[in-house]
Structures are given as C-alpha cells and as structure tokens.
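Peer 1: dropping the sequence and predicted coords here.
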There are 2 protein chains.
Amino acid sequence: ADEAARAAALDRQNSLTKPPGSLGRLEDLALFMAGWRATPRPRIGLAQALVFAGNHGICAQGVNPYPQAVTAQMVANFQAGGASINQLCRVNGADLSVVALDLDRPTADFTATAAMTGAETLAAMNRGAAAVDRDADVLILGEMGIGNSTIAAALAAALFGGEVADWVGPGTGSDAEGLRRKISAIERGLARHRGLTPMETLAALGGREQAAICGAVLAARAARIPVILDGFICTAAAAPLHAADPRLLDHCLIGHVSAEPGHRRLLAAMGRTAVLDFDMRLGEGSGAALALGILRAALECHNGMATFGEAGVSEG
Amino acid sequence: ADEAARAAALDRQNSLTKPPGSLGRLEDLALFMAGWRATPRPRIGLAQALVFAGNHGICAQGVNPYPQAVTAQMVANFQAGGASINQLCRVNGADLSVVALDLDRPTADFTATAAMTGAETLAAMNRGAAAVDRDADVLILGEMGIGNSTIAAALAAALFGGEVADWVGPGTGSDAEGLRRKISAIERGLARHRGLTPMETLAALGGREQAAICGAVLAARAARIPVILDGFICTAAAAPLHAADPRLLDHCLIGHVSAEPGHRRLLAAMGRTAVLDFDMRLGEGSGAALALGILRAALECHNGMATFGEAGVSEG
C-alpha cells in the first residue's frame, strides 16, 4: 500500500467537520482505500463482483442434502438476475459476472485422491486471475458450489489444525447425520493428504472456485485493486495464500462474519476482523456486496465533507 | 404492526432461492418493514431524514470544549451540504431536513432549574411531530447540539439509575477535567430533579432536540412509519418514551451502537440491539443514515429475488 497516500488521506480526515476519529471504522475504510488505490481521494468508479462456481467430488460422500445440479441451476439464476447477489450488486452498484468452472466435471473425491491435479489447480487460478477487470477500483469475490462448506472446513482444518468438528457447521441445511458424514469425510481427507505446502493443500482438498478465488486475489493485488472477500467459504478459499504469506491478503477486507460457526474461528486464526456481522450464511458474495455499500458510504464522507476551514466551523 | 403482513413476508422469504434464514438479519429487517408498513412487499419510496438542533444551558457548567456557536455553524454546514449526514443521506437516498430549535435561546441550566417548562417541552415535541412527512416509508432521526452528550447521560442516569460516571463519556472531545465537570453537573441535576415521571424528566434534564425527537417518534408511530434512531444521544432522547411504555419504540430500529460508552449500557437497559457497530460517535443521524443502506439492501433482496419455483431451482 502507498503509505504517503494513506497519510494524506488521514490528514484530510482530520480536517473534516467532525471530531477526529468520530466516523470510526468508516475512517479506517477510507484510509485502506487510499493506500491501495495510491491516492488521498480514492473513488469507486467500477466495482466488479465475481462469483466463481464449481462442483465437488466430495459430494459422493453424502456431505450435502442438495443435488449437485443445484450449482448449475443457481448459476442460471445468477444469469437471470434472480439471486440475492444480483439484488445486492444492483443496490450497491457492482457489475456482476459469474464464472462457471467445468460444472459438468466435478473435482475428484478427496477421500480417495487429490481433488485437483497441479495443472487443474493452476488452470482454475488462471481463470480467476483472467476474470479480474484491471480497471476496477474494488473487487467483490463470491462463490457457489454444492458441497463447498465441506471444502472450506477441510482447508481450514488442514491449514490451521484443531478438531475437524470445530470447523464444520450445517452449511446449506445439513442435519446431525449429515454433519457426521461431513466430519468423517474431512477426517479421511486430512489423513490421506498430510505434510503438504499451502498450495498443495489447495489442490488436494480445494476446488476450482477456491483456486479461482486465489487467482483473482493475486491478480487484484498486482493491479492494486482492493478486494472484499465474502464469508466462510471465500475466506477459507483464500486461506492457502494467508498460510503461504499473510501479507498476500493485506489488500483484502472480509465483508462479513458468517453464521457458519467455522468462520469466526477462521478469522481468529488469520488475525482478521470482518466489516459486518449480520448472521448471514448464504454465500454467492452476498456479505461482500453488502459491505460494498459501507465502503461507498465511507468514501462519500471522505470525499464529500467540508473541512473546518471550508465550512467556517470552529475547531474548539 | 400488521402481523398478517409480516407472516406473508415470512412466507415469501422462505420461498426465495436461498436456504431459509440464510440472509440472517436482512430477513428480520424485511419482516420488520412488512409489519409496520402493513404490506408483504414493503418498498422505500421516500426516506426522510430529520436532524434536530438545540442549545443547552448546561454548557454554563463547562461540560463541552466547543463554544455553543458551533451548533449554528454546523446547522449552516448541514444546509450547505458539507457535513457527514449530507453525504450519508445522498449515498443512501434519504431526503434531509434540518430543524434548528431556537438556537439563540438555549434551555435553562438544569443544575439550577428545569431545563424546559412543560410548555416549552410540548412546543418542541410539536415541532418534531410537525416535521414528519406522512408520506415517508422510513424516518431517520438525528441531532446536533453542543453539550448534548451531557443531556443524554443525564436522561439515561435519571431514567435507568446507576452511577453517573458509568453513563458519561468523552462526547465531542472532553478531557479528564471536562469529564469531571460533566459528572458533577449531572449529579447536581439529578439531585435537584427527583421523583419525576419520564416526561417530566425530559423537561427537567432534556433539551429541545430531545423533545422534538420524542414528538417525531410518536408522529411516525401514528403514521406507521418505521424509524431509525441514531446513536447514544438519539436513543437517550427517546428513552423517556421507553420509560413511559417500552412498546412506544417498537417501530424504531437503533441504527448503530456508538463508541460513546453510555450507549451500549443504555441499549442493554432498554433491551435493544443496534443494526451496526462501527465505533462511530459523530451524531447528526450518521449511524442511522448508514443503516438505511442496509435496510434498502434487505428490501432489494426481499422484493427482487426469484422464488425456487420461478427460477427452477431444486429445493433439496
């Protein structure tokens, strides 16, 4: 980040007609944008939202009550404008694109073998990177994939340790028996795939949408585009980058903390906090798109407010 | 609230293309609006924002480092479009009006006498009620008044008890000596004005903008207009209504929990939670206007999403 731009933005914040610091985290968000966009007066022209969709071989283990066909059905719903993410992108002014990643060819079942080969992982990362619009001022990332709350818990457990049961939640409606199947599948996957590097872990236990999210995060970083990650699944998708080097996610905000219980634990493990906490657990990028509205509000205040001098207000 | 409309809104939420409940508090907000607007598909056409400004005799006790002239200077800043509330109303689509309440005639010093007579209190309540546009679909309330964090702490302590020091915070930049003066002034005010009804407490310790907020809340209730209250000072202004009958605030959301420490305590005493928690402490209605963006997002999802049937998505 550009520390001079950030410092100039702080000077501006302290000159605006309000007690210094009184806009709280809105001020932090303005400074974050100033640093990454390398300007004291950052503005959001283009806000891009990308939702990556994938299918997962782990579904063969009965980890999800929905059929895998729902992934493609929801992609069609995104394309028709009927999903939550469409409404949230419209109201907060984000351009949404959906990238369906080989939905008719799910990854392999990680209890039997690595979910993806190295080449498949790299291809998905490249798909993610290629989807980023270099003219965007902020990038919202989301995902869709039946079974991918199991993928998220598996990645988190592999990268950060602890009991598998502590990382697993109901996802999209699993009952107690479904939870037991999720935990068992993850434990078998962890036993099979040990001693790997973070990026090898992504290949062994992740999926194409997880790899695409990593690719998009890295491409955004190269273009100094700040990123808003969505909830548990999106944060877990980017967690291999954190495990490789936590600074790789310095340009990322976490849009919200999910009601899926593993997310709060994951944020603690990564030393991160989220913008919003609304008991949401929908995915699609919904929490990130909601946080975009807060980010826009922060910049409206930063750029639009009068200074004490301009307004003729006494500074006390 | 209209329970049939609320129930119909819940039926709709459960038919939308998402796991039931997965939009978390956004769903709660949609149901809240449905109940108060008495329709299963509530929409926000007109969002009205009202900022009431007043001056306070308690400033004679040195409770605030800013001169009282700043109240009128900030009113001019609101009218010129340079304050935080202007930017937040613009970005979230609220029509802002500022009502300056006899700024050249501060209330009386409550350490010496009641801040307002009964007639003055009623007149300010009527100003507040008259300012409400009956065609609004939601009402954002805010305030401006040098010294009114002292008023808020005094009202909270009088209505809910406890140590004065626990209700008092730095407000707009008081230092340790300023805090001692605030606490002393409030303690003397409480000692002078004992055994009062909630509305007598409003007159004795409150101010014109506090009375106007009470009047606006009641007028909105009569027109079934949901209200978003801002932070500590706004919540404390409405607290006499809560003390009279907690149901009088059933149509009110609290936009955010303030960094001013008394607010969290006040919300606990009133059994309420806030929409946002962003360490803001600016007033003007800023936290309420920020929360309006969340409310709009909730209704966009509620009204704009496809049902499972419409989208052809399997319900699992």
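Peer 2: Happy to help now that I have it. Numbers count the residues shown, from 1 in each chain, chains lettered A, B, ... in the order given.

Peer 1: quick one: end-to-end length of stretch A:10-30, please.
Peer 2: Using CA to CA, to the nearest Å, the end-to-end distance of stretch A:10-30 comes to 9 Å.

Peer 1: got the buried residues for that stretch?
Peer 2: By neighbour count on 16 or more other CB atoms under 10 Å in any protein chain shown, the buried set for stretch A:10-30 is A:10, A:12-13, A:15-19, A:21-30. (C-beta placed from N, C-alpha, C; glycine too.)

Peer 1: now the strands for chain A?
Peer 2: Taking DSSP state E to define them, one finds strands in chain A at A:47-53, A:95-100, A:138-144, A:227-229, A:252-256, A:274-276.

Peer 1: ok so, going back, which ones among the buried residues of stretch A:10-30 also lie next to chain B?
Peer 2: The subset of the buried residues of stretch A:10-30 within reach of chain B, by CB under 8 Å from any CB of the partner chain, is A:16-19, A:21-26.

Peer 1: quick check: residues of the stretch 101-250 of chain A near chain B?
Peer 2: A:172-173.

Peer 1: what ranges do the helices span in the stretch 101-250 of chain A?
Peer 2: Assigned by DSSP state H, counting those that start in this stretch, the stretch 101-250 of chain A shows helices spanning A:118-131, A:148-160, A:164-167, A:176-192, A:198-205, A:208-222, A:232-244.

Peer 1: in JSON lines, list those helices along with mean pLDDT.
Peer 2: Formatted as JSON lines, those follow (pLDDT from 0 to 100):
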{"stretch": "helix A:118-131", "mean pLDDT": "98"}
{"stretch": "helix A:148-160", "mean pLDDT": "97"}
{"stretch": "helix A:164-167", "mean pLDDT": "96"}
{"stretch": "helix A:176-192", "mean pLDDT": "95"}
{"stretch": "helix A:198-205", "mean pLDDT": "98"}
{"stretch": "helix A:208-222", "mean pLDDT": "98"}
{"stretch": "helix A:232-244", "mean pLDDT": "98"}
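
Peer 1: tally of neighbours for whichever residue of the stretch 1-150 of chain A sits closest to chain B?
Peer 2: Proximity of the stretch 1-150 of chain A to chain B (CB to the nearest CB) peaks at residue A:82, 2.8 Å away. Neighbourhood size, residue A:82 [other CB atoms under 10 Å in any protein chain shown]: 22.

Peer 1: find the nearest non-adjacent residue to it, please.
Peer 2: Closest residue in space to residue A:82, ignoring its immediate chain neighbours: residue B:306 at 2.8 Å, by CB to CB, 6 or more residues apart in numbering or on different chains.

Peer 1: over to residue A:266?
Peer 2: residue A:156 (5.1 Å).

Peer 1: the one you found - how many residues pack around it?
Peer 2: Neighbour count for residue A:156, taken as other CB under 10 Å: 27.

Peer 1: thought it was touching residue A:263?
Peer 2: No. Using CB atoms under 8 Å, residue A:156 is not in contact with residue A:263, being 9.0 Å away.

Peer 1: quick check: bridge partners of residue A:97?
Peer 2: residue A:50 (DSSP bridges).

Peer 1: ok, it - contacts?
Peer 2: Residue A:97 sits next to A:48-51, A:131 when contact means CB atoms under 8 Å, 6 or more residues apart in numbering or on different chains.

Peer 1: now do residue A:38
Peer 2: With contact set as CB under 8 Å, 6+ apart, residue A:38 has these partners: A:1-2, A:5, A:224.

Peer 1: cool, and residue A:221?
Peer 2: Contacts of residue A:221 by CB under 8 Å, 6+ apart are A:227, A:248, A:251.

Peer 1: who wins for most neighbours among those residues?
Peer 2: Highest neighbour count within the contacts of residue A:221, by other CB under 10 Å: residue A:227, with 28 neighbours.

Peer 1: for that residue, which non-adjacent residue is closest in space?
Peer 2: Counting by CB to CB, 6+ apart, the nearest residue to residue A:227 once its immediate chain neighbours are dropped is residue A:252, at 4.4 Å.

Peer 1: now residue A:172
Peer 2: residue B:19 (5.0 Å).

Peer 1: verify the stated contact: that neighbour with residue A:170.
Peer 2: No. Residue B:19 is beyond contact range of residue A:170, at 9.0 Å (criterion: CB under 8 Å).
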